[in-house]
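Asks: Predicted model follows, preceded by the sequence.
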Amino acid sequence: MIESWRWYGPELDAITLPEIAQTGASGIVTALHEIPYGEVWPREAIAARRALIEAAGMHWHVVESLPIHERIKRGDGDLTQLFANYRQSMANLAAEGITTICYNFMPVLDWTRTDLTAPLARGGTCLRFEAYKMAAFEIHMLGRAGAQDDYAQDVRTKAATWFQASSQGEREALLHAIMSGLPGAFDRYDIAGLRAQLALYDGIGRAEIRAHYKRFLNEVIPAAEELGLRFGVHPDDPPRDILGLPRVVSNEEDIAWILDAYDSPANGLTLCSGSLGANPQNDLVQIARRFGERIHFVHLRNVRKESDGSFEEAAHLEGDSDLVALIDALLAQEGHRRATGRRDCALPFRPDHGHALLDDGARNAFPGYPLIGRMRGLAELRGVIAGLKGREGANG
Ligand code: DNO
Ligand code: MN
């Protein structure tokens, strides 16, 4: 497996490439976050970013993300130009030798949490999703009546109580946390802005989103095949509908549908253990085995789930998901690739989010992307991989 590290680029990330080099990671995962959604990534800008990474002794291994414009997700109007721009960015990336592309198909928001600095028992903080706070946000702050059905009665009661007692500051902090998953320099919405975005999805249900997704695949995967690119969709986080919007990349069945909707090795998966792992119905090892040949990129992190749908990000080897078993399945997939003569045998992975530990709080890193906490995660994962590989060697 190839150790990689997400970096938001020289303008936006508080962590520098020489610092990342010290973590031991060899691959960088990044995007031209400063380019607005829907515009072409110029080849020169890609080349300049690549040169920075290579000057620091690393390799730009994966693009995360090449974002999909909301109009494509909504199937809104004439999309010819947007698809042409997307394919042009793909061609420019391929020309610079960057061949693995992670993207997601989450409407409006990316990963969503209600607390960015939930305290940990031994000190440090983690990201947390509190079901009643999300319900309070949807039902009371946004006024989405339909969201009632997505939460159990006791969660709704708690949400109403919290909302009534909440101060303006607490509501603003909740809005801020919920908006923080939008990557890079993307505009954050206020309540009115978010309502306006959501209104654009009126009348768009699961079937429509799936149809728009299939159209996207038909528009880009043939070009990916020609250019030698591999696409890996990142699952929804959390893996369920939120804000009353349908999400179509949440479980095994969804993944099967996507990989089937355009049956090509270029149409693959980013296996994110933290996102998929937040739904108790998802069996990570089973997902890794079933779709193994189509996995192009891996996010490793852990979650601790609660019965009401809340969860928090646990240390990489704590929490409810068995990451050792998952890594074992991924190493088996690598072995299978070697045996069948595939060129892309080594799977790139990154420690997905990490805890904010020690001096992390003093730096202005993106939530979930601190230096020390992720370095701890990477080191633990590296140990698991080395241990499992050693055993493989010992067993001949
Ligand atoms: C969540 C994180 C996200 C993810 C994007 C992919 O699990 O990995 O930041 O990178 O949603 O587009
Ligand atoms: Mn992830």
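Replies: Good, I have the coordinates. Ligands and ions are numbered 1, 2, ... in the order given.
Asks: Now do the same contact list for residue 105.
Replies: 68, 73, 209, 213, 216, 233, 248, 249 (Cβ atoms under 8 Å, 6 or more residues apart in numbering). For glycine as for every other residue, the C-beta is placed from the backbone atoms N, C-alpha and C.
Asks: Now the second one: closest residue in space that isn't a chain neighbour?
Replies: Put plainly, it is residue 73. In this structure, residue 73 finds its nearest non-sequential neighbour in residue 107, 5.3 Å apart by Cβ to Cβ, 6 or more residues apart in numbering.
Asks: Can you name the helix or strand that residue 60 falls in?
Replies: strand 59-64 (DSSP states H and E).
Asks: Keeping just the C-alphas, turn the helix or strand that that strand is followed by into PDB.
Replies: Next along the chain after strand 59-64, taking DSSP H and E as the criterion, comes helix 70-74. Taking Å, rounded to 0.1, in the frame of the first residue of the first chain, the C-alpha atoms of helix 70-74 are listed here in PDB:
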ATOM      1  CA  GLU A  70     -24.100  21.200  -8.500                       C
ATOM      2  CA  ARG A  71     -25.800  21.700 -11.800                       C
ATOM      3  CA  ILE A  72     -24.600  18.200 -12.900                       C
ATOM      4  CA  LYS A  73     -25.900  16.700  -9.800                       C
ATOM      5  CA  ARG A  74     -29.200  18.400 -10.300                       C
END
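Asks: Not counting the longest helix anywhere in the chain itself, show me its contacts.
Replies: Across the chain, the longest stretch assigned as helix under DSSP state H is helix 371-394. Outside helix 371-394, the residues that touch it by Cβ under 8 Å, 6+ apart are 1, 3, 5, 15, 19, 23-25, 124, 300-301, 315-317, 323-324, 327-328, 331, 335, 349-360, 363, 365.
Asks: First residue to last residue on stretch 131-141, what's the distance there?
Replies: Taking Cα to Cα, to the nearest Å, stretch 131-141 runs 14 Å from one end to the other.
Asks: ok now that stretch, how far from the chain's centre?
Replies: 23 Å (Cα atoms, centre = their mean, to the nearest Å).
Asks: so for it, what's the average pLDDT?
Replies: Averaging pLDDT along stretch 131-141 gives 96.
Asks: Could you show which parts of the chain are in contact with ligand 1?
Replies: By Cβ under 6 Å from any ligand atom, the residues of the chain that approach ligand 1 are 64-65, 102, 104, 110-111, 234, 237, 272, 274-275, 299, 352.
Asks: if you look at the residues you listed, which of them are in strands?
Replies: Mapping the residues of the chain next to ligand 1 onto strands (DSSP state E) picks out 64, 102, 104, 234, 272, 299.
Asks: and the fourth one, bridged to which residues?
Replies: Going by DSSP bridges, residue 234 is paired in beta bridges with residue 104.
Asks: again, but for the last one
Replies: With DSSP bridges as the criterion, residue 299 is bridged to residue 272, residue 350.
Asks: how about the strands in the stretch 1-150 of the chain?
Replies: 2-6, 27-30, 59-64, 100-104, 115-119, 125-129 (DSSP state E, counting those that start in this stretch).
Asks: What score does the residue in the stretch 201-350 of the chain that ligand 1 sits nearest to have for pLDDT?
Replies: When scored by Cβ to the nearest ligand atom, the stretch 201-350 of the chain has residue 234 as its residue closest to ligand 1, at 3.7 Å. Note for residue 234: predicted pLDDT of 98.
Asks: Verify the stated contact: it with residue 299.
Replies: Yes - applying Cβ atoms under 8 Å, one finds residue 234 in contact with residue 299, separated by 7.4 Å.
Asks: what residues do the two have in common as contacts?
Replies: Residues touching both residue 234 and residue 299 (Cβ under 8 Å, 6+ apart) are 270, 272, 275.
Asks: before we move on, the earlier item: generate CSV for the strands of the stretch 1-150 of the chain, with mean neighbour count and distance to ligand 2 as supplementary columns.
Replies: As requested, the strands of the stretch 1-150 of the chain are arranged in CSV below (neighbours: other Cβ atoms under 10 Å; distance: least, Cβ to the ion, whole Å):
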stretch, mean neighbour count, distance to ligand 2
strand 2-6, 23, 9
strand 27-30, 23, 10
strand 59-64, 23, 9
strand 100-104, 24, 9
strand 115-119, 16, 16
strand 125-129, 24, 12
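Asks: can you pull the contacts of the residue nearest to the spatial centre of the chain?
Replies: When Cα atoms, centre = their mean is applied to the chain, the residue found nearest the centroid is residue 234 (5.1 Å). When contacts are counted by Cβ under 8 Å, 6+ apart, residue 234 touches 64, 65, 102, 103, 104, 249, 270, 272, 275, 299.
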